[in-house]
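This is a predicted model, with the sequence first.
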2 protein chains.
Amino acid sequence: MNAPSSLEALIEALRCLPGVGPKSAQRMAYHLLQRDKPGALQLAQALGGAVERIHHCAKCNNFSEEEVCAMCRSSHRDASLLCVVEMPADLLMMEQAQCYGGMYFVLMGRLSPLDGIGARELPLERLLARAQEQLCEVILATNFTVEGDATAHYLATLLSAQGIKVSRIARGLPVGGELEHVDSGTLAQAVLERRAVSA
Amino acid sequence: MNAPSSLEALIEALRCLPGVGPKSAQRMAYHLLQRDKPGALQLAQALGGAVERIHHCAKCNNFSEEEVCAMCRSSHRDASLLCVVEMPADLLMMEQAQCYGGMYFVLMGRLSPLDGIGARELPLERLLARAQEQLCEVILATNFTVEGDATAHYLATLLSAQGIKVSRIARGLPVGGELEHVDSGTLAQAVLERRAVSA
């Protein structure tokens, strides 16, 4: 209505954030201008700084300020294993689980035809080149969603054709999971993918 | 974990937005850096511009780029009425309802002792000064929440003591509301505040 134009511009600009609609954007703008002007300026600076300095690591494709990120440069990690994840957040979860000491490759997405993301939109040539560098095994750790599964299937075909050993992280009941409360799809998969037990 | 520092700084800075926790901030940062760098730069610019240019209107206390906003300068509005609202969004709703042609005063908050907002944190002296400028009536349009009601009560006492006529917008069933589906508190208030009907 009669909102001043730089306020309108701010509300419009806030809508570029994922999950922020017109009402939330308005609330955010009012909050910043009324209660947190230093925060707004700091955010402006952080946005500029991050856009300017953050690129993709030449090896793992994760966000990095350097040509090759610290993790890829580390000599303490097992260079014979490559774990493929969809997003940087997945990599952080893997690291928090402290179950894996190899290298990573971050797809920065997944096959998602509905969103216009096909094989050409993912950095598959770089993944292939990376996988051919004397690696023993590529571990696919994409999500267990329809799209993540499709991506894993596609990558497995692609990498196997090059004679690379490919595996997929296990699907099943979560740790502490009870049969009574688990969804039937997970239970069915857990039965299908059961493992032999050695006595 | 091993996130580059300007990414960390961006995630931290995004948390100044209301309703944004660590996970959302991370998702927003990844989205901006991966899919919308122009949007991020535009947001940075809009933040800086808004913080620099937007102040409070000297008359109505709403956000304004000028000393006195366009609405307060307008000669088409009824200068004998002053409507007090909590936030700019409330003013916009009033304007959208097209039911009111007078002036406004935006409190930019409400009495909320739990959040440390008492009478001293609200611009009550400016409201009082504004209300004493040959106005006929002050209409209190704060929300019908506990805090909004308390604010209205406080303002009514304050303004009445100066001999100013004060009213409160009506509470009752919404337009199109059915007794069967309305909450009992609203129904009880609607009965208590019933109006005489002239035949």
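Arrived safely, thanks for sending. Numbering: from 1, shown residues only, chains lettered A, B, ... in the order given.

Kindly state the domain boundaries assigned to chain A.
Annotated domains of chain A cover A:5-53, A:63-196 [automatic domain parsing].

and those as CSV, adding mean pLDDT, distance to residue B:86 and mean neighbour count?
C-beta: built from backbone N, CA, C; applies to glycine. Formatted as CSV, the domains of chain A follow (pLDDT from 0 to 100; distance: least, Cβ to Cβ, whole Å; neighbours: other Cβ atoms under 10 Å in any protein chain shown):
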stretch, mean pLDDT, distance to residue B:86, mean neighbour count
domain A:5-53, 91, 11, 19
domain A:63-196, 88, 37, 15
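
and residue A:138, what element?
Under the criterion of DSSP states H and E, residue A:138 resides in strand A:137-140.

Hmm, I typed the wrong one, I wanted residue A:195.
Short version, using DSSP H and E: residue A:195 is in no helix or strand.

For chain B, see how far away it is.
From residue A:195 over to chain B the distance is 31 Å, taken as Cβ to the nearest Cβ, to the nearest Å.

Contact partners for the closest residue in space to residue A:174 that isn't next to it in sequence?
Closest residue to residue A:174 apart from its sequence neighbours, by Cβ to Cβ, 6 or more residues apart in numbering or on different chains: residue A:182 at 7.8 Å. Residues counted as contacts of residue A:182 (Cβ atoms under 8 Å, 6 or more residues apart in numbering or on different chains) are A:173, A:174, A:190.

and what of residue A:10?
A:29, A:32, A:33, B:46, B:47, B:49, B:50.

Quick check: the gap between residue A:107 and chain B.
Taken as Cβ to the nearest Cβ, the span from residue A:107 to chain B is 11 Å.

thinking again about what came up before, any idea which helix or strand comes after the strand holding residue A:138?
That would be, after strand A:137-140 and using DSSP H and E, helix A:146-160.

next one: that next one to chain centre, how far?
From the chain centre to the centre of helix A:146-160 is a distance of 15 Å (Cα atoms, centre = their mean, to the nearest Å).

Give me the residue at the spatial middle of chain A.
The residue lying closest to the centre of chain A (Cα atoms, centre = their mean) is residue A:87, at 0.8 Å.

Pull up the gap between that one and chain B, please.
For residue A:87, the distance to chain B - Cβ to the nearest Cβ - is 6 Å.

same thing with residue A:177?
23 Å.

now the angle between helix A:146-160 and the lengthiest strand in chain A, please.
When chain A is parsed with DSSP state E, its longest strand is strand A:78-85. Our comparison of strand A:78-85 with helix A:146-160, counting by axes from the mean of the first three to the mean of the last three Cα atoms, to 10 degrees, yields an angle of 140 degrees.

which helices and strands sit right next to strand A:78-85?
helix A:88-97, strand A:102-106, helix A:124-131, strand A:137-140 (3 or more Cβ pairs under 8 Å, 6 or more residues apart in numbering or on different chains; DSSP states H and E).

tell me the contacts of residue A:54?
A:63, A:64, A:65, B:4, B:6, B:7, B:33.

Tabulate the residues you listed (TSV), appending distance to residue A:101.
Formatted as TSV, the contacts of residue A:54 follow (distance: Cβ to Cβ, whole Å):
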residue	distance to residue A:101
A:63	21
A:64	19
A:65	23
B:4	21
B:6	27
B:7	23
B:33	27
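
Test my guess that residue A:121 contacts residue A:109.
Yes. Using Cβ atoms under 8 Å as the test, residue A:121 is close enough to residue A:109 to be in contact (6.8 Å).

All set, thanks.
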